[in-house]
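Participant: Kindly generate the corresponding structure for this input.
(one chain, ligands or ions: 1)
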Amino acid sequence: MRSRYSAYCTKNAQYIRNSYAQSEQHNHSIEDILAFADAVEFIKLEILDTEDTQEGSYVEFKAAYIADNKSCMLHEKSFFIKESEQWKYLNGTIYPTPEKKINRNDDCPCGSGKKFKKCHSN
Ligand SMILES: [Zn+2]
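Facilitator: Numbering: from 1, shown residues only. Okay, the predicted model is just below:
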């Protein structure tokens, strides 16, 4: 989970694709993954809960990001299964979260201390 987050931050699309379960990889092209990673700027990851079951592990998290001049949150409960001794992302339930427009003169939500217009604005 954390390594997938890091891969999104560094736009390592190949790693992200490999982190999907085998049965899911065909649904996620490198191009699509890159397009998403380029469109968003992840700023914070918070793990809320984890749960291990016979079939796999659940991880509930909140990932804050900036996209299209809005402050957004991905709140998801992901399900990981083990394939070849490695944890792979199978699917997830996404919870709705509000988006907030960022004003140009606001402090940038990334925490740089700069005004948004001088930082992650586009
Ligand atoms: Zn910023």
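
Participant: tell me which parts of this structure are close to the ion?
Facilitator: Listed as neighbours of the ion in the chain under the rule C-beta under 5 Å from the ion: 108, 110, 112, 119-120. Heads up, the C-betas are built off the backbone N, CA and C, glycines and all.

Participant: Tell me where this structure has strands.
Facilitator: In the chain, the strands defined using DSSP state E lie at 40-52, 57-67, 70-83, 86-95, 100-101.

Participant: re earlier: can you add pLDDT and neighbour count and give the residues of the chain next to the ion back as a markdown table?
Facilitator: Shown next, in a markdown table, are the residues of the chain next to the ion (pLDDT from 0 to 100; neighbours: other C-beta atoms under 10 Å):
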| residue | pLDDT | neighbour count |
| --- | --- | --- |
| 108 | 96 | 20 |
| 110 | 94 | 18 |
| 112 | 95 | 13 |
| 119 | 96 | 18 |
| 120 | 93 | 19 |
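
Participant: biggest separation within those residues, which pair?
Facilitator: Between any two of the residues of the chain next to the ion, the greatest separation by C-beta to C-beta is 8.0 Å, found for 112 and 120.
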